[in-house]
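**Q** A predicted structure for the sequence below; I have some questions about it.
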Amino acid sequence: MTTIKLHNTKTRQREVFTPIDDKNVRMYVCGPTVYDRAHLGNARPVIVFDVLNRLLRHVYGNDHVTYVRNFTDVDDKINARAAESGRSIGQITAETTQWFLEDMAAVGALEPDHMPRATAYIPQMVSMIEGLIAKGHAYAAEGHVLFAVESYKKYGALSGRSIDDMIAGARVEVAPYKRNPMDFVLWKPSDADTPGWDSPWGRGRPGWHIECSAMAYELLGAHFDIHGGGNDLMFPHHENEIAQSCCAHPESEFANVWMHNEMLQVEGKKMSKSLGNFFTVRDLLDQGVPGEVIRFVMLSTHYRKPMDWTDKKRDEAEKTLREWNNPDRISIVSDTAASEFDRKHIDNDVMDCLAEDLNTPGAISVLHRLFKDGNMEQFVASARYLGLPAADFEYFRKSSIPAMTEPINVMVANTVNDLIGARAKAKSERNFSEADRIRDGLLGAGIRVTDRKDGTSGWELVADFDPAKLEALK
RNA sequence: GGCGAGUUGGCGGAGUGGUUACGCAGCGGAUUGCAAAUCCGUGUACAGGAGUUCGAUUCUCCUACUCGCCUCCA
């Protein structure tokens, strides 16, 4: 069996991964707060942990992995969005949830086994909070319930902070009802205009962190294998989750392995609305950037390093994927029900790279080698395994040019073939200036003509295909 | 101020105590009516300083710089 090694934030070391139960490997990844379209940075953890999910399923068996990723659909950002737009909270969260699923599917992410919504777990949260109060880890004050960080000795261990240091450097305004400035909210009161649920502390709503603790406990138990998310969640979100869960279930250790992906940057700078470099996954898709290209770029940097999204990388990724989908090179027929074929032919070196703390750039380099060496079965199976298209040229070509509908596609092909025929005739008459004129014209329209050894000619679309220019050549 | 990550050839980006990926670009060649595409060949880089070592890009320490978190954030 493949030995998987993962970098554990908790120990700051790369460790051999040993499941608690190899018949049910359990992973929880923090999902989005559903108030707006997923931006590009949101896609990184989704893709990273999608790869891990695929790896675990390959190693332990498809039916022996439970992957949970939540939707946080109760949050003050959602409330604010509803208030400013005049729409209902339910409309916003339902719509945003659906967008998220569509956008993540477009970048090749498989759906987790469970995608719980926080609002479906309010009673479990209330119950967990009651337990924390009973054990002396939390206290009610002025309609709030707060977690007492001093009641948990290991508070700060994950992110390497001490409570005293944090207080010294804190820039937060401290609510008067907090016993310790670092105490965080488990439950807060709601006024009449804010969503709320009845509770022992009055009508209110949960604080930010408790939903993950409650849902992880319900779906995975008190002790499970892997907990993941972006490294900006390490503090305070994950620290607080650990404190809540470990105090509510002192017999357990919560997650064995903590994994955090590094942040995404855009052209060397943090993505932010004020810098004007903020964009969503949907923005890219609508601009004609295929989801596979986004995925390829994401996989080409190791998940624990900052990733810089640049136009240059996007172009190079698209170029590589075009080459990998060149029908002249790949003769294996694509079959959507090819899971058996894929499973059998996934390359061992690709697996070894992934097993070594998800070395996706290494896996891509193996893909290059397989392609170059003509090991097409391994290549296709491995590329698909990583969620990249292979032997699927038509799909890729269509997805690159969303405006190009099927009838136009056929018309384009006919036009191009006519022009190539005319060029072949000119060539046979040794009228090379006419032949070159046609070839240059096609290239200008975004179609590259390539002569094969046998005297026939192939063609492919290049980046800036322009149907209008093609029409003008007729 | 506190905590953490990082600095690899023209660019991107892995990895390793000694044999120095991979991709893009470049260069040389084959091929071609000319191209393109393709194929073959070609690159000795690891921020600076000190230390450990037979030997360090890889380990330790120091310095510089970059970035993230500490407030909502993946």
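**A** Arrived safely.

**Q** alpha carbons only for contacts and neighbour counts from here, please
**A** Noted.

**Q** burial of the residue nearest to A:Val366 when sequence neighbours are not counted, as a residue count?
**A** Nearest residue to A:Val366 in three dimensions, chain neighbours excluded: A:Val350, at 6.2 Å (Cα to Cα, 6 or more residues apart in numbering). Using other Cα atoms under 10 Å, A:Val350 has 24 neighbouring residues.

**Q** pLDDT wise, what is A:Val350 at?
**A** In this model, A:Val350 is scored at 94, pLDDT.

**Q** By proximity to RNA strand B, which residue of chain A wins?
**A** A:Gly230 (2.6 Å; Cα to the nearest atom of the strand).

**Q** Provide the backbone phi and psi angles at that residue.
**A** The phi and psi torsions at A:Gly230 (degrees, to the nearest 10) take the values phi -70, psi 150.

**Q** about what we covered before: run a quick check on the residue nearest to A:Val366 versus A:Ser382, I expect a contact.
**A** Yes - taking contact to mean Cα atoms under 8 Å, the distance of 7.0 Å between A:Val350 and A:Ser382 places them in contact.

**Q** Overlap in contacts, these two.
**A** When contacts are counted by Cα atoms under 8 Å, 6 or more residues apart in numbering, A:Val350 and A:Ser382 have A:Leu367 as shared neighbours.

**Q** hmm, back to that, what helices and strands are in contact with whichever strand or helix holds the residue nearest to A:Val366?
**A** Using DSSP states H and E, A:Val350 sits within helix A:348-355. With contacts defined as 3 or more Cα pairs under 8 Å, 6 or more residues apart in numbering; DSSP states H and E, the secondary structure elements packing on helix A:348-355 are helix A:40-60, helix A:360-373.

**Q** What are the buried residues along the last one?
**A** Right, the one you point to is helix A:360-373. Buried residues in helix A:360-373, counted by 16 or more other Cα atoms under 10 Å: A:360-364, A:366-368, A:370-371.

**Q** what does stretch A:69-88 give?
**A** Counting neighbours by 16+ other Cα under 10 Å, one finds that the buried residues in stretch A:69-88 are A:69-76, A:78-79, A:81-82.

**Q** tell me, which of the buried residues of helix A:360-373 make contact with RNA strand B?
**A** A:361-362, A:364, A:366, A:368 (Cα under 7 Å from any atom of the strand).

**Q** Take those residues and write them to JSON lines, including pLDDT.
**A** Formatted as JSON lines, the entries for those read as follows, by pLDDT from 0 to 100:
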{"residue": "A:Pro361", "pLDDT": "94"}
{"residue": "A:Gly362", "pLDDT": "93"}
{"residue": "A:Ile364", "pLDDT": "94"}
{"residue": "A:Val366", "pLDDT": "93"}
{"residue": "A:His368", "pLDDT": "92"}
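
**Q** Tell me the one of the residues you listed nearest A:Gly444?
**A** Nearest to A:Gly444 among those: A:His368, at 29.4 Å, using Cα to Cα.

**Q** Look up how far A:His249 lies from the closest one.
**A** In this structure, A:His368 and A:His249 are separated by 48 Å, where distance is defined by Cα to Cα, to the nearest Å.

**Q** Kindly report the same for A:Pro176.
**A** A:Pro176 sits at a distance of 29 Å from A:His249 (criterion: Cα to Cα).

**Q** Neighbour count: these two, which is higher?
**A** A side-by-side neighbour count of A:Pro176 and A:His249, using other Cα under 10 Å, places A:His249 first with 18 against 10.

**Q** How about the contacts made by that one?
**A** The neighbours of A:His249, taking Cα under 8 Å, 6+ apart as the test, are A:Ala222.

**Q** Dihedrals phi and psi, it?
**A** Residue torsions, per degrees, to the nearest 10, at A:His249 are phi -130, psi 70.

**Q** re the thing from before, mind putting the buried residues of stretch A:69-88 into a markdown table with secondary structure and distance to A:Phe49?
**A** Conversion of those to a markdown table gives the following (DSSP: H, G, I helix; E, B strand; the rest coil; distance: Cα to Cα, whole Å):
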| residue | secondary structure | distance to A:Phe49 |
| --- | --- | --- |
| A:Arg69 | strand | 10 |
| A:Asn70 | coil | 13 |
| A:Phe71 | strand | 16 |
| A:Thr72 | strand | 18 |
| A:Asp73 | coil | 21 |
| A:Val74 | coil | 24 |
| A:Asp75 | coil | 24 |
| A:Asp76 | helix | 27 |
| A:Ile78 | helix | 25 |
| A:Asn79 | helix | 29 |
| A:Arg81 | helix | 29 |
| A:Ala82 | helix | 31 |
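
**Q** which two from the residues you listed end up farthest apart in space?
**A** The most widely separated members of the buried residues of stretch A:69-88 are A:Arg69 and A:Ala82, with 24.0 Å between them, by Cα to Cα.

**Q** so what's the residue of chain A closest to RNA strand B scoring on pLDDT?
**A** Reading off the confidence values, A:Gly230 has pLDDT 90.

**Q** Tell me what it is bridged to.
**A** A:Gly230 has these beta-bridge partners by DSSP bridges: A:Asn261.

**Q** isn't it right up against A:His238?
**A** No - at 10.0 Å, A:Gly230 does not count as touching A:His238 under the criterion of Cα under 8 Å.

**Q** looking at it, A:Phe17 is touching A:Thr2, isn't it?
**A** No - the criterion here is Cα under 8 Å, and A:Phe17 misses it with A:Thr2 at 10.3 Å.

**Q** returning to that earlier point: tell me how far the residue of chain A closest to RNA strand B lies from A:Gly131.
**A** The value you get for A:Gly230 to A:Gly131, if Cα to Cα is used, is 29 Å.

**Q** Around the nearest residue to A:Val59 once chain neighbours are set aside, how many other residues sit close by?
**A** Ranked by Cα to Cα, 6+ apart and with sequence neighbours excluded, the top spatial neighbour of A:Val59 is A:Thr2, at 6.5 Å. Number of residues near A:Thr2 (other Cα under 10 Å) recorded here: 13.

**Q** Phi, psi for A:His114 please.
**A** For A:His114, the backbone dihedrals are phi -130, psi 140 (criterion: degrees, to the nearest 10).

**Q** Domains in chain A, by residue range?
**A** Described in terms of automatic domain parsing, the domain architecture of chain A consists of the residue ranges A:5-265, A:288-397, A:403-472.

**Q** What residues does the stretch 301-450 of chain A have near RNA strand B?
**A** For the stretch 301-450 of chain A, the residues in contact with RNA strand B (Cα under 7 Å from any atom of the strand) are A:301-308, A:313, A:316, A:320, A:323, A:359, A:361-362, A:364-366, A:368-369, A:372, A:427, A:432-433, A:435-436, A:448-450.

**Q** Any of these buried? List them.
**A** With burial judged by 16+ other Cα under 10 Å, the buried subset of those is A:301-304, A:307-308, A:313, A:323, A:359, A:361-362, A:364, A:366, A:368, A:435, A:448-449.
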